[in-house]
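# only the shape, not the letters, is given here:
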Ligand SMILES: C=C1C[C@]23C[C@H]1CC[C@H]2[C@]1(C)CCC[C@@](C)(C(=O)O)[C@H]1[C@@H]3C(=O)O
Ligand SMILES: O=C(O)CCC(=O)C(=O)O
Ligand SMILES: [Fe+2]
C-alpha cells in the first residue's frame, strides 16, 4: 500500500500552487522581469534547444515477458534490449510491477516541496562537493550554462537497515516532513528492486550469468534525483539539464505528462515523449564500463517550455563504495581488448562533483585523471620520507 503524501496543495487548489511556483521561480532565478533570462542561463548557439525534434525509435520492453517462463518471450525481450543498448542505450520499460500510485505520491510530494519558500528548501541546501540536498541553478558550481531547474538529490542505500532517505529529509527539513521522507524512501526501495531485475535482463542479453550483475548491485548505494523544471519565457535560450552522459550505472526515469527528454543519436537530437505508466531506462558510463563498451552510454538533455513546469523522478543506480567496476571476463573475451581501467564508483563521482562537469567525454577525462592520480601516488611513494 503506497504511503500518501499529505500535501497541503490539494486544499489550496492546483492553480494557486502553480501561480505560487511561478512567482517563487522569478524570485529564485532572479528573473524579475518575466521576459528576461539571466545571462548565465543562456546557452551558446551550438547547444540551442529545439522542442520539435523527431521521436527516437525505442523498444517498449515488457518486463513480465522477461520473468515469464516462455522461452520465446525471453528471447524477444533480450534481443530488443540488446539491440537498443548497443545502439544508444535507451529503452522504455512497461509492465514493470512498480505501484504507479506510489509514483503519483512522489509527484505530489515534489509539488509540495518545490513550492516551499526558498529559505525552507535551503535548510537542505546542497553544498559544493556534496552529492545530496536541494540545489537551484547550480550557481555555486558552474559560472555559465546554468541548468533551468531546481533539484533535490537524496541517497538511497539498499543495504542499510536504517531508512537513510527518510532520515535525511527529517534531519534537514524537520519532523513535519516525515511523510514526504517515507514516500521518497519507498520510491527508492521500489526502483532499487526494479533496477536489479533490469540488470538481470541486461546480463542475460550479454550472455553473462543473470545473477552476476544482480549480486554486484544488490547492496547498491544510489541517488534519487527529483527534477523540477519551471516554465521559461525563452525556452530556446535555456536548457533544463545540459547535454551529458550519466556517469552512473543504470538510470530509471519517470517523466510527468510534459515532454522534454531528448537523446542525441545519429548526429541529431530525438525526443522520448512521456508514456503513461512506463519508465525510461538508460545505460550510464559505469554500466558501459561493466560491458567493456558493448552497451552505450549516450548524450541526452532536458529541454524546457514556456507553457508549463515539468518534473522528472530519476533513480541513478550506483554500486556500493567498495565494489570494483571491472567488466566480466565473459564479456571481454568476446569483445577484446579490455577498454577501461578498474575503478570504484566514489572515484568517478568525485571527479564529476569536484573537477569535471559531466558531458560526452567524462570517461576520457576520468581515465586521464586516474593516470595522473596514480602517477602522483607512485611519485609520492618514491619521495624521500621527511
Ligand atoms: C552522479 C551524478 C551527477 C549528476 C547526477 C548524477 C547523474 C547525472 C549527473 C548530472 C545530471 C549530469 C548533468 C550535469 C549535472 C550537474 C546536473 O545537471 O544535475 C549532473 C548531476 C550532478 O552533478 O549533480
Ligand atoms: O529530466 C529529464 O528528462 C532528464 C534528466 C537527466 O538526464 C538527469 O537528471 O540525468
Ligand atoms: Fe541524465
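Received it, and whenever you're ready, just let me know what you need. Please read all numbers here as calculations on a predicted model, not as lab measurements. Ligands and ions are numbered 1, 2, ... in the order given.

# any idea of the pLDDT on residue 91?
According to the predicted model, the pLDDT of residue 91 comes to 98.

# next one: it from ligand 1, what distance?
18 Å (C-beta to the nearest ligand atom, to the nearest Å). Quick note: C-beta positions are derived from backbone N, CA and C, even for glycine.

# element containing the nearest residue to that residue once chain neighbours are set aside, please.
Closest residue to residue 91 in three dimensions, ignoring its sequence neighbours and counting by C-beta to C-beta, 6 or more residues apart in numbering: residue 84, at 4.5 Å. In this structure, residue 84 sits in helix 71-87 according to DSSP states H and E.

# starting from the helix or strand that comes right after that helix, tell me which strands it pairs with and how they run.
Of the helices and strands lying after helix 71-87 in sequence (DSSP H and E), the nearest is strand 90-94. In the sheet, strand 90-94 lines up against strand 60-62 (parallel), strand 279-283 (antiparallel) (DSSP bridges).

# three-state assignment of residue 294?
Secondary structure, DSSP: H, G, I helix; E, B strand; the rest coil: residue 294 is coil.

# you'd agree it is up against residue 86?
Yes. Contact criterion C-beta atoms under 8 Å: residue 294 and residue 86 qualify, at 6.5 Å.

# count of residues packed around the residue nearest to residue 91?
The local packing of residue 84 (other C-beta atoms under 10 Å) involves 24 other residues.

# and what of residue 128?
Residue 128 sits with 10 neighbouring residues when counted by other C-beta under 10 Å.

# all helices for the protein, in order.
Counting by DSSP state H, the chain has helices at residues 9-12, 14-28, 63-67, 71-87, 100-114, 118-121, 164-173, 178-206, 210-217, 285-290, 329-334, 345-350, 362-382.

# which one of those helices lies nearest to residue 318?
With respect to residue 318, and counting by C-beta to C-beta, the nearest of these is helix 345-350 at 5.2 Å.

# now do that closest one: which elements does it pack against?
Secondary-structure packing of helix 345-350 (3 or more C-beta pairs under 8 Å, 6 or more residues apart in numbering; DSSP states H and E): helix 285-290, helix 362-382.

# for whichever residue of the stretch 151-300 of the chain sits closest to ligand 2, give the beta-bridge partners.
Closest to ligand 2 within the stretch 151-300 of the chain is residue 261: 3.6 Å, counting by C-beta to the nearest ligand atom. On the basis of DSSP bridges, residue 261 is bridged to residue 302.

# let me see the contact set for it.
By C-beta atoms under 8 Å, 6 or more residues apart in numbering, residue 261 lies in contact with 253, 255, 271-272, 280, 300-302, 312.

# per-residue pLDDT of it, please?
Reported pLDDT for residue 261: 98.

# distance check, it against residue 165.
24 Å (C-beta to C-beta, to the nearest Å).

# bridged to the closest residue to ligand 1 within the stretch 201-350 of the chain, which residues?
With C-beta to the nearest ligand atom as the measure, residue 244 is the residue of the stretch 201-350 of the chain nearest to ligand 1, at 3.7 Å. Counting by DSSP bridges, residue 244 is bridged to residue 300.

# so it makes contact with residue 300?
Yes. Using C-beta under 8 Å, residue 244 is in contact with residue 300, at 7.1 Å.

# which of the two has more residues huddled nearby?
residue 300 (27 against 20).

# and the gap between that one and residue 323?
Separation of residue 300 from residue 323 (C-beta to C-beta): 25 Å.

# which residue does the stretch 251-386 of the chain bring closest to ligand 1?
Closest point on the stretch 251-386 of the chain to ligand 1, by C-beta to the nearest ligand atom, is residue 358, at 3.9 Å.

# phi, psi of that residue?
With angles defined as degrees, to the nearest 10, residue 358 sits at phi -50, psi 130.

# leaving out chain neighbours, which residue sits closest to it?
Leaving aside its chain neighbours, residue 358 sits nearest to residue 244 (4.2 Å; criterion: C-beta to C-beta, 6+ apart).

# spell out which parts of this structure neighbour ligand 1.
Proximity of the chain to ligand 1 (C-beta under 6 Å from any ligand atom) is limited to residues 147, 223, 225, 241-242, 244, 246-248, 316, 349, 352-353, 358.

# hmm, back to that, most neighbours among the contacts of residue 261, which one?
Sorting the contacts of residue 261 by how many neighbours each has (other C-beta under 10 Å) puts residue 300 first, at 27 neighbours.

# shouldn't it be in contact with residue 240?
No. Assessed by C-beta under 8 Å, residue 300 is found out of contact with residue 240, at 11.4 Å.

# as CSV, the helices and strands packed on helix 345-350 with mean neighbour count, mean pLDDT and distance to residue 92 would be great.
Formatted as CSV, these follow (neighbours: other C-beta atoms under 10 Å; pLDDT from 0 to 100; distance: least, C-beta to C-beta, whole Å):
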stretch, mean neighbour count, mean pLDDT, distance to residue 92
helix 285-290, 26, 97, 17
helix 362-382, 13, 82, 25
